[in-house]
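A.B. asks: Below are the sequence and a predicted model; questions follow.
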Amino acid sequence: MSEYRALVASELPSGDYECKISNLPFPDEKEGHSIIRVSYSSLNFKDALSAKGNKGVTRSYPFVPGIDASGTILKSTDASLHNGDQVIVTGYDLGMNTFGGFGEIIQVPNEWIVKLPETLSLLEAMQLGTAGLTAAASVYELKDIRSHLPILVTGATGGVGSIALKLLQHLNFDVQVITGKPDSKLFSNLDQGSIIHRSDFENSDLKPLAAPKFIGAVDTVGGQILNRIFPLVDRKGIITICGMVSGPEINTTVFPFILRGIRLIGIDSAESPRSYKEELWQLLGSDWKIDLRDQSKIVKLDAMPDEINKIYSGLQEGRVVLQHGE
Ligand SMILES: NC(=O)c1ccc[n+]([C@@H]2O[C@H](COP(=O)([O-])OP(=O)(O)OC[C@H]3O[C@@H](n4cnc5c(N)ncnc54)[C@H](OP(=O)(O)O)[C@@H]3O)[C@@H](O)[C@H]2O)c1
């Protein structure tokens, strides 16, 4: 194999960015690195930012996005990794400034590589991907909560939100969602009272404190939505925050923190230590194993530009898995 296929994002003379399938040269071996044949990748919001030329994510182009990959080892300088071993790589610099999983081949530092748990397939690993790992890291912080009040999930049709919803239900939590797509089939097992329309919530009054409605929240959007969650969380409640689709700024008072003792926990799944990722992957392959077949679609490389546009516009539902090869 002297070349491999990849979706390459490039800057046009107009300053716009476009994604095209290209053949790239097979990489030379590098000390401390492994070469992996990618079977599957998945689409995350960050991939759309990279594909659209966001310099906060990717500094230089042409570039191959894809922060997730599952596949098999082709060559490794790590004695514990052998040809044919099935592995997962998520986060760190993959798909940011290191060519990512939208290519059939990746070359990554050995310490980024997690061995695929025996109880997960390469496909299941990418139905989860960074979104699943982030949802699991968020739910991990909430798992010991006991209350009659529900847990709230925002951006609930998105990758992180839809998996957090399923995980929380799997763990028998009562869940409510905030969404811009209240009719999504992802909510078929929720009653109407548990589905909050995003625009209603965004336009609701913002008070320093209000009657508690939730005992916790997995927030994936930040901004005006997060600001309105703080006053509604009951004593000792926990809010995890991982994203900023709605905005990066937080505007609240100290009251929910000093009068109700609520906690705000930041989630950074991309840069977390490999041992922590391994622990989450093991959990996702065992007690927390969920079936994502009905909320993920599998596409080929040529469909990715359209899927990227969709997630960038907030119109994606559930997960998009990229399958390489014919
Ligand atoms: N910290 C970490 O380690 C980490 C890891 C992964 C992702 N993230 C971040 O988490 C966020 C979600 O990622 P994702 O991959 O799940 O993205 P995604 O699939 O695009 O989901 C985001 C969801 O947010 C909702 N949304 C869209 N536009 C919105 C707006 N203007 N205001 C409020 N909600 C809006 C939509 O759901 P509804 O229509 O259902 O409301 C959308 O599906 C992103 O900001 C991403 O960068 C962080």
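C.D. replies: On my side now, so go ahead.

A.B. asks: how about the residues of the stretch 201-326 of the chain near the ligand?
C.D. replies: Proximity of the stretch 201-326 of the chain to the ligand, by C-beta under 6 Å from any ligand atom, involves residues 220-221, 225, 242-246, 267-270, 311, 314, 316. Quick note: C-beta positions are derived from backbone N, CA and C, even for glycine.

A.B. asks: What about those residues, which one has the most neighbours?
C.D. replies: Of those, residue 220 is surrounded by the most neighbours, 31 neighbours in total, counting by other C-beta atoms under 10 Å.

A.B. asks: OK, contacts around it?
C.D. replies: Residues touching residue 220, when contacts are defined by C-beta atoms under 8 Å, 6 or more residues apart in numbering, comprise 153-155, 158, 160-161, 164, 242-243, 245.

A.B. asks: Identify the residue spatially nearest to it, adjacent ones excluded.
C.D. replies: residue 155 (3.8 Å; C-beta to C-beta, 6 or more residues apart in numbering).

A.B. asks: Could you do residue 119 as well?
C.D. replies: In space, residue 119 comes closest to residue 285 once its chain neighbours are excluded; the distance is 3.9 Å by C-beta to C-beta, 6+ apart.

A.B. asks: Tell me how far that neighbour lies from residue 254.
C.D. replies: Between residue 285 and residue 254 the computed distance is 41 Å (C-beta to C-beta, to the nearest Å).

A.B. asks: what do you get for residue 20?
C.D. replies: Note on residue 20: its distance to residue 254, by C-beta to C-beta, is 51 Å.

A.B. asks: same thing with residue 234?
C.D. replies: Counting by C-beta to C-beta, the gap between residue 234 and residue 254 amounts to 17 Å.

A.B. asks: Which residue of those two possesses the greater neighbour count?
C.D. replies: A count of neighbours by other C-beta under 10 Å puts residue 234 above the other of residue 234 and residue 254, at 19 against 8.

A.B. asks: Can you verify my assumption that the more buried one contacts residue 256?
C.D. replies: No - using C-beta atoms under 8 Å, residue 234 makes no contact with residue 256, being 9.8 Å away.

A.B. asks: what residues are shared contacts of these two?
C.D. replies: Contact criterion C-beta under 8 Å, 6+ apart; residues shared by residue 234 and residue 256: none found.

A.B. asks: which non-adjacent residue is nearest the spatially most distant residue from the centre of the chain?
C.D. replies: Distance from the centre of the chain peaks at residue 259, with 32.7 Å (C-alpha atoms, centre = their mean). The shortest distance from residue 259 to any residue other than its chain neighbours is 6.7 Å, reached at residue 209 (C-beta to C-beta, 6+ apart).

A.B. asks: Quick check: the one you found vs residue 233, distance?
C.D. replies: When distance is defined by C-beta to C-beta, residue 209 is 10 Å away from residue 233.

A.B. asks: more crowded one of these two?
C.D. replies: Neighbours of residue 209 and residue 233, each counted by other C-beta under 10 Å, are more numerous for residue 233; the result is 26 against 14.

A.B. asks: Mind listing the residues bridging to the more buried one?
C.D. replies: Each beta-bridge partner of residue 233 is listed here: residue 214, as defined by DSSP bridges.

A.B. asks: quick one, what contacts it?
C.D. replies: 212, 214-217, 239, 256, 260, 262.

A.B. asks: any idea how far it lies from residue 154?
C.D. replies: Here the criterion is C-beta to C-beta. By it, residue 233 lies 13 Å from residue 154.

A.B. asks: Please name the bridge partners of residue 151.
C.D. replies: residue 175, residue 216.

A.B. asks: Spatially central residue in this protein, please.
C.D. replies: Nearest to the chain centroid, counting by C-alpha atoms, centre = their mean: residue 131, 2.1 Å.

A.B. asks: Give me the phi and psi angles of that one.
C.D. replies: Comment: the main-chain dihedrals of residue 131 come out as phi -60, psi -40, following degrees, to the nearest 10.

A.B. asks: repeat for residue 54
C.D. replies: Recorded main-chain torsions at residue 54 are phi -70, psi 110, according to degrees, to the nearest 10.

A.B. asks: A strand includes residue 9, no?
C.D. replies: Yes - assigned with DSSP: H, G, I helix; E, B strand; the rest coil, residue 9 falls within a strand.
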